[in-house]
Structure formats: C-alpha cells, structure tokens
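Student: here is my input; please provide its structure:
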Amino acid sequence: MHIAFLNPQGNFDPKDSHLTEHPDFGGQLVYVKEVACAMAAMGHQVDILTRRIEDPDWPEFAGSIDHYPGNGANLRIVRLDCGGPLFLNKERLWPHMARFIERARDFYGSAMPDFATAHYADGGYCGCLLEHARGTRFTFTGHSLGAQKLDKLGMSLANADQLEARFRFSRRIAAERLAMARAFRVITSTGQERREQYAHPLYAGAIDVEDDDRFEVIPPGVNTRIFTTETGTLDADLTEGLLKDVAQATRPFVIVSNRLDEKKNTLGVVQAFAGSPVLQEKANILLCFRGIDDPFAELESLDESERTVMAPILQTIEQAGLRDKVRFLNIPSQQALAATYRAVARGGGVFALTAFYEPFGLAPIEAAACGLACVSTRNGGPSEIFADGSGVLVDPSESDDIARGLIDALDRQPDLAARARARVLKTYTWERTAERYLETIEKGLAMPPRVGDEVDGLDASEQIAAYLAAR
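Tutor: The predicted structure is shown next:
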C-alpha cells in the first residue's frame, strides 16, 4: 500500500534535529516517525507530508525530499511549500492548509496515495481537504485536543479574545470537529482517552463516543532498539562516569524521569519517602531532569514555571532530612536514559510515574522494556497498560498510597519486572502499532471513496462562546 502521513507542522529530518525540544516538535512527531518507519519496514510505501522551510534558523528542513536512514526508498519525508519560506508556529499555519493540500495534489498528480493518516488538528483538517478533492480516505489521530487545552488555560468570557488571538481555538476546535466527523476512524491510545477527551461538550454533534464503528484504540509503542535489556558500550562508559554512583549503590533506587511539570507530581514520590520510614529503609530516590545537574545550586537559574515545581521538592527533601537519600541526574539523551533504567534495574530498583493524570503512559513502558518494575498512577492510560497486574497502580493524590505501591513493587521486583517486560513486548511495540493501523486502513480501503462533500470553514467561535457562557 501507499500511505501518506499528514503532519504539516511537524519538522522531520533524518537526524531528528530539535525533536521534542520545541512546543511544535513534541511527542507526536516521535509517534509519526516510528509508525511510519515500522510500516516502511513491512514493505509499504510511506510518505510523511510536512512543510518545507527555508529559514537560516532551521536549515535542516530546506530540502524537498529526505529519507530516514535504514528505510531505503520505502519512506520519504516530503516537504511542501506553503505559507512562505520562514518557520511558522502551528497557530499561524491555519490560513495555509488549503495551499498545503494543493501542493500535495501537484506532487502526486494522478498517482495519489491509497490512504492517509492525519495527525493533530491541522493534519486532520488537511485530511478533510484531501478527501474532498480526491476521495482519499483517512484516519484521524488527535494526540491532544484543543478543548482540553482551552480548559487547562482557564479560558473564560473575560479572557477569550486574548487566548483566541494566541491559540486560535476557534480554528483548531473547528478543524478537530471536521476531522472527527469525516475520518474513517478516529485513533486513540486508550479507551479512557476516547471516553473522556472526545466526549467534551465542544465536540458534541461531531462524533458519538459510544459508536464503536468510529473509533480504534491503538496504543503507541516503545522504541525497542533503544529501550531494551541488552547492554551496549554506552552502558559500560556511563557506569564508569555518570552512573558510577548508581552502579555501586548498596540500596535499590526508585527512579523518576519526567519534565518539570506540576501535573507529573514528582513531589508525590518525595512526600511518600518523607512519610515512610519503611520506604526510606528499603530504597533511595533517583530524580532525572534533563538539563539540570544540581537543583539545589541551580534553582534560581531555572525559569519561573520550573522553579515553581522544583522548590517544594527541594524543601521537602531538606525538611525530611532526605538529602543523603536523593540523587539527581542530568540525562542527556534517550540512549543514556535507557542505560540508566538498566543500571537501576540491575540494582533491584523500580520506576515511578505518579502523575495526577497521564493520557497514555509511554514512560513506564519504556522503563519496563529495560527491565524495571513499574509503579504508576491509576488515573489515565497506565490503568489500562497494567490492567493485567504487571505493574502497581497508586492514587497520586495520596502519599501513603504511593508509599504502599513503591514498597509492594520493591518487594516483588523480579516478578513484576519480568511480567511488565513481557507485557510490553507483546502489546506495546511500534511494530504492533503499525500492524493495527494497517488493519484499520485495509477496512477503510474497502469503503467507497467520498469526493466532493463540502468542507465547512474553520470557525467554532459560536460553540466556544456558548460553552463558556454555560460554565
């Protein structure tokens, strides 16, 4: 099959330059790349359609065609001209999406892809435009939805104009509504994502979350080339350097690795230790934050949002006398993170993710793939990942329950680690994700093409105003 991935704001290149280091280059780009690579490895022709940029600040994205190494001619990065040569953030791309699809039609001529998979709101809108023009069926993977961001930012009638000017919610939510209504299937990572996010009032009438024919739950996967129990030269190098203290530790570690975001609730793990002498006797804490070597020395140099999260963590450590039980690590890459997971696993340690809510839970399955037992929040995707008992689920709002879960996992570490790894390799690999996409695409190809149906304009301002007024 010939499959197009529609991801206009995603800046892909063979070296993964800037990947996940910019708000527009987040986890969804990793998702798209890995699924596309897996499909290409299965022999399918795959194109990632994105925007071409001729900007001196972004030289990696100037070529019209690129290839990921190791995939031969099966996988292309196709960059299309629209919106001028310079980088534009995703909120400024909306006026140029029709041109993006015109350029895609010019590029393919009569040899259009068999099917498209559209990602994020603007990709979903492009899927609608492509189907309208050429009848190309598509799936829609929203990744994160505008309605949830609108709520998180506290949008109200008082600040609506200000937030609309910055985030273009009226266009984004209108695009999501169109994509939900027109896609052959909407892809979600978990059943909980389907039931909670897509049931938001701002999507009423666009899709029915009770309609099983409209959704496919397809979990993302783990990069098993990196996250594995197999050690390499990097492991040996790190255990003589960055990980020397971890490798030589006499007690296991509870490792936490995430960004400094209040909703990730790293503080919950520290508070659990502070309140549990049993836990303090069993293990130490290893906190991994990229770009931070010593938070006690660097606190004032962090930006305000990071400082707000880090300050109470450090305060709790000091007040509870835990400073000799907490180690901080600056992990520079995914490869180094995987090596760290393996070192902690060899010492009998466990991984902890105690977020107040986690939409999916890629971090714990990456840790499990490296041989770690996992303690995860019960709120969100981890409750489905570890529904078989291969991990320990905890209430992130209760430090006593976090402590209970950590002690349980430490006591059962060998068994839990083996079960969690087996669970990941069976269910949560990118190859399995690609297979599930392909199964869905084959169903879509059996449906007659739909050409010429009107695509409404991008404006959900009336729905947003009514929603805000009713709250």
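
Student: would you confirm that residue 340 contacts residue 332?
Tutor: No: between residue 340 and residue 332 no contact is recorded; they are 10.6 Å apart, counting by Cβ atoms under 8 Å. Glycine gets a C-beta too; all of them are placed from N, C-alpha and C.

Student: neighbour-wise, which of these two wins?
Tutor: residue 340 (25 against 11; other Cβ atoms under 10 Å).

Student: tell me which residues in the helix or strand containing residue 417 are buried?
Tutor: Assignment of secondary structure by DSSP states H and E places residue 417 within helix 413-427. By neighbour count with 16 or more other Cβ atoms under 10 Å, helix 413-427 contains the buried residues 413, 416, 417, 419, 420, 421, 423, 424, 425.

Student: what is that helix packed up against?
Tutor: With contacts defined as 3 or more Cβ pairs under 8 Å, 6 or more residues apart in numbering; DSSP states H and E, the packing partners of helix 413-427 are helix 362-369, strand 373-377.

Student: give me the mean pLDDT for it.
Tutor: Predicted confidence along helix 413-427 averages 97 (mean pLDDT).

Student: and residue 122, how close does it get to residue 140?
Tutor: Residue 122 is 11 Å from residue 140, where distance means Cβ to Cβ, to the nearest Å.

Student: could I get the pLDDT score of residue 23?
Tutor: On the pLDDT scale, residue 23 gets 67.

Student: do residue 174 as well
Tutor: The predicted local confidence for residue 174 comes out at a pLDDT of 96.

Student: again, but for residue 453
Tutor: 68.

Student: and for the one 3 residues further on?
Tutor: The per-residue pLDDT reported for residue 456 equals 72.

Student: what about it, how many neighbours?
Tutor: Residue 456 has 11 neighbouring residues, counting by other Cβ under 10 Å.

Student: for it, which non-adjacent residue is closest in space?
Tutor: Taking Cβ to Cβ, 6 or more residues apart in numbering, and ignoring the residues beside it in sequence, residue 456 has residue 178 as its nearest neighbour in space, at 6.4 Å.

Student: which helix or strand contains that neighbour?
Tutor: Under the assignment given by DSSP H and E, the secondary-structure element containing residue 178 is helix 169-182.

Student: what packs against that helix?
Tutor: In this structure, helix 169-182 packs against helix 120-134, strand 138-141, helix 146-152, helix 461-470, with contacts taken as 3+ Cβ pairs under 8 Å, 6+ apart.

Student: pull the residues that contact that helix.
Tutor: With contact meaning Cβ atoms under 8 Å, 6 or more residues apart in numbering, helix 169-182 is reached by 94, 118, 121-122, 124-125, 127-128, 131, 138, 140, 142, 145-147, 149-150, 155, 163-164, 186, 198, 202-203, 205-207, 214, 453, 455-461, 463-464.

Student: can you rerun that using 7 Å?
Tutor: Residues outside helix 169-182 that contact it (Cβ atoms under 7 Å, 6 or more residues apart in numbering) are 94, 118, 121-122, 124-125, 127-128, 131, 140, 142, 145-147, 150, 163-164, 186, 202-203, 206-207, 455-456, 458-461, 464.

Student: ok, now stretch 246-255?
Tutor: Judged by Cβ under 7 Å, 6+ apart, the contacts made with stretch 246-255 from elsewhere in the structure are 239, 269, 283-286, 288, 343-344, 347-352, 406, 410.

Student: and it, how far out from the chain middle?
Tutor: 28 Å (Cα atoms, centre = their mean, to the nearest Å).

Student: what's the mean pLDDT across that stretch?
Tutor: Along stretch 246-255, the predicted confidence averages to a pLDDT of 93.

Student: hang on, residue 77 packs against residue 49?
Tutor: No: with contact taken as Cβ atoms under 7 Å, residue 77 and residue 49 are classed as non-touching, separated by 8.6 Å.

Student: neighbouring strands for whichever helix or strand comes after the helix holding residue 178, and are they parallel or not?
Tutor: On the C-terminal side of helix 169-182, the nearest following helix or strand under DSSP H and E is strand 185-188. The partner list of strand 185-188 in its sheet, established with DSSP bridges, is strand 138-141 (parallel), strand 215-217 (parallel).

Student: so for residue 264, which of those strands sits nearest?
Tutor: Ranking the strands paired with strand 185-188 by proximity to residue 264 (Cβ to Cβ) places strand 138-141 first, at 23.1 Å.

Student: any residues touching the closest one, and which ones?
Tutor: Where contact means Cβ under 7 Å, 6+ apart, the residues beyond strand 138-141 that reach it are 115-119, 124, 127, 130-131, 179-180, 183-187, 440.

Student: which of these count as buried?
Tutor: Neighbour-count burial within these applies to 115-119, 124, 127, 130-131, 179-180, 183-187, 440; the criterion is 16+ other Cβ under 10 Å.

Student: measure the nearest residue in space to residue 96 that is not next to it in sequence to residue 116 for me?
Tutor: The shortest distance from residue 96 to any residue other than its chain neighbours is 3.7 Å, reached at residue 83 (Cβ to Cβ, 6+ apart). Per Cβ to Cβ, residue 83 is found 20 Å from residue 116.

Student: equivalent analysis for residue 80, please.
Tutor: Taking Cβ to Cβ as the criterion, residue 80 is separated from residue 116 by 14 Å.

Student: now the strands for this structure?
Tutor: Read by DSSP state E, the chain holds these strands, from start to end of the chain: 2-6, 45-51, 65-66, 75-80, 115-119, 138-141, 185-188, 215-217, 253-257, 284-288, 326-329, 350-353, 373-377, 392-394.

Student: residue 77 and residue 49: which has the busier surroundings?
Tutor: Between residue 77 and residue 49, counted using other Cβ under 10 Å, the more crowded position is residue 49 (28 against 25).

Student: ok, the more buried one touching residue 104?
Tutor: Yes: at 5.8 Å, residue 49 counts as touching residue 104 under the criterion of Cβ under 7 Å.

Student: identify the contacts common to the two.
Tutor: When contacts are counted by Cβ under 7 Å, 6+ apart, residue 49 and residue 104 have residue 80 as shared neighbours.

Student: ok, now how distant is the nearest residue to residue 469 once chain neighbours are set aside from residue 470?
Tutor: Once flanking residues are discounted, residue 469 sits nearest to residue 157: 6.5 Å by Cβ to Cβ, 6+ apart. Separation of residue 157 from residue 470 (Cβ to Cβ) stands at 11 Å.
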